[in-house]
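> Generate coordinates for the sequence data below:
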Amino acid sequence: MVGQEGGRWDVGTKNNAVYLERISESDERLIDALLAPEEARELAGLLTKYADKLDKSEDSDKSENSDDSEDSDKSSD
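Below is the predicted model of the structure:
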């Protein structure tokens, strides 16, 4: 179980399947699913793929911002 601001994720096994549940801060059940092992692996792959894309996007944004700040440092000379 992972708790964080905005609710929590509960993950486990149940009846030979992967159990996935998302609970809101107000304890409302947002997602309640049983996934076959292969479905769980596919979902994990998709989540990883998109998280990696965001990381790369954030890295490129940071490098662009650092380039911008270097340019503005040079222009203030």
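> Would you map out the domains in this structure?
1-35, 37-77 (automatic domain parsing).
> Deepest in the core, which of these is it.
domain 1-35 (a mean of 12; mean count of other C-beta atoms under 10 Å). Using the backbone N, CA and C atoms, a C-beta is placed for each residue, glycine as well.
> Quick one: mean pLDDT for it?
Regarding domain 1-35, the rounded mean pLDDT is 89.
> same deal with stretch 59-71?
Here the average pLDDT along stretch 59-71 is 64.
> contacts for the helix or strand harbouring R22?
For R22, the element it lies in under DSSP states H and E is strand 17-23. Applying C-beta atoms under 8 Å, 6 or more residues apart in numbering, the external contacts of strand 17-23 come out as 7-13, 29-37, 39-40, 43.
> do that again at 6 Å, thanks
7-12, 30-35, 40 (C-beta atoms under 6 Å, 6 or more residues apart in numbering).
> likewise stretch 38-51?
V18.
> what's the offset of that stretch from the middle of its chain?
Mean-position distance between stretch 38-51 and its chain equals 11 Å (C-alpha atoms, centre = their mean, to the nearest Å).
> Rounded mean pLDDT for that stretch, please.
The model assigns stretch 38-51 a mean pLDDT of 97.
> What's the separation between the residue nearest the centre of the chain and N16?
Within the chain, the residue whose C-alpha comes closest to the C-alpha centroid is A51; the distance, by C-alpha atoms, centre = their mean, is 5.3 Å. Distance, A51 to N16, by C-beta to C-beta, to the nearest Å: 27 Å.
> next one: D32
D32 is 17 Å from N16, by C-beta to C-beta.
> residue contacts, L34?
Here L34 is in contact with 17, 19 (criterion: C-beta under 6 Å, 6+ apart).
> ok, whatever helix or strand it lives in: who's next to it in the sheet?
Here L34 sits within strand 29-35, counting by DSSP H and E. Strand pairing for strand 29-35, determined by DSSP bridges: strand 17-23 (antiparallel).
> partner residues bridging the nearest residue to L35 once chain neighbours are set aside?
Setting aside the residues directly before and after it, L35 is nearest to V18 in space (C-beta to C-beta, 6 or more residues apart in numbering), at 4.6 Å. For V18, the beta-bridge partners under DSSP bridges are T13, L35.
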